[in-house]
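Enquirer: following is a predicted model, sequence given first.
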Amino acid sequence: MDDQHMQIGEVAARTELSLRTIRHYEETGLVIPSARSQGGFRLYTETDVTRLMVIRRMKPLGFTLDQMRDLLDATGRLDDEAGLTDDEREALVDRIRVYERAASEQVDKLRVQLARAEEFATTLATRLRQKPGTQA
């Protein structure tokens, strides 16, 4: 096997995604293995791992598979840059900016939820430290 390729198990370990999840992302066209071994095993490259990490980071922020696909397309085309006009490049950057704003908004919402969860956990801990039968 080529040193530049990894089997799905190694990719799963590196990305902390399950084999099933990686296969699902393959079925939906988000990440396609770069090659197959002679035995038919999926082989992935660092680029594939990078794509999976983008997906992994987008998932908890509530992005849909279509949105993930759109962002990966925009970043991939921008990274390639071959034959892009200035207008096309600017349109891709604008698409990515939309996702950056949406991600920032979701992060802000998650921070509020985390603060509420921490407050709740503190309230419970305080309650448990009180004498039995006393009011908080």
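Expert: That came through fine.
Enquirer: can you name every helix or strand that the helix ranked longest in the chain contacts?
Expert: Scanning the chain for the longest helix, with DSSP state H as the assignment, gives helix 86-129. Applying 3 or more CB pairs under 8 Å, 6 or more residues apart in numbering; DSSP states H and E, one finds that helix 86-129 makes contact with helix 65-80. To be clear about C-beta, it is placed using only N, CA and C from the backbone, and glycine gets the same treatment.
Enquirer: point out where the protein drops to low pLDDT.
Expert: 1-3, 133-136 (pLDDT under 70).
Enquirer: run the last query once more with 80
Expert: 1-3, 81, 131-136 (pLDDT under 80).
Enquirer: and the end-to-end length of stretch 39-54?
Expert: 29 Å (CA to CA, to the nearest Å).
Enquirer: just the residues contacting that stretch, thanks.
Expert: Contact with stretch 39-54 is made by 1-2, 4-8, 11, 14-15, 17, 22, 25-26, 30-37, 68, 71-72, 75, as judged by CB atoms under 8 Å, 6 or more residues apart in numbering.
Enquirer: change it to 7 Å
Expert: Residues from elsewhere that reach stretch 39-54 (CB atoms under 7 Å, 6 or more residues apart in numbering): 4-8, 11, 14-15, 17, 22, 25, 31, 33-37, 72.
Enquirer: now residue 19: how far from residue 10?
Expert: Using CB to CB, to the nearest Å, residue 19 is found at 11 Å from residue 10.
Enquirer: oops, could you answer that again for residue 4 instead?
Expert: 12 Å.
Enquirer: since that was my last question, I'll sign off now.
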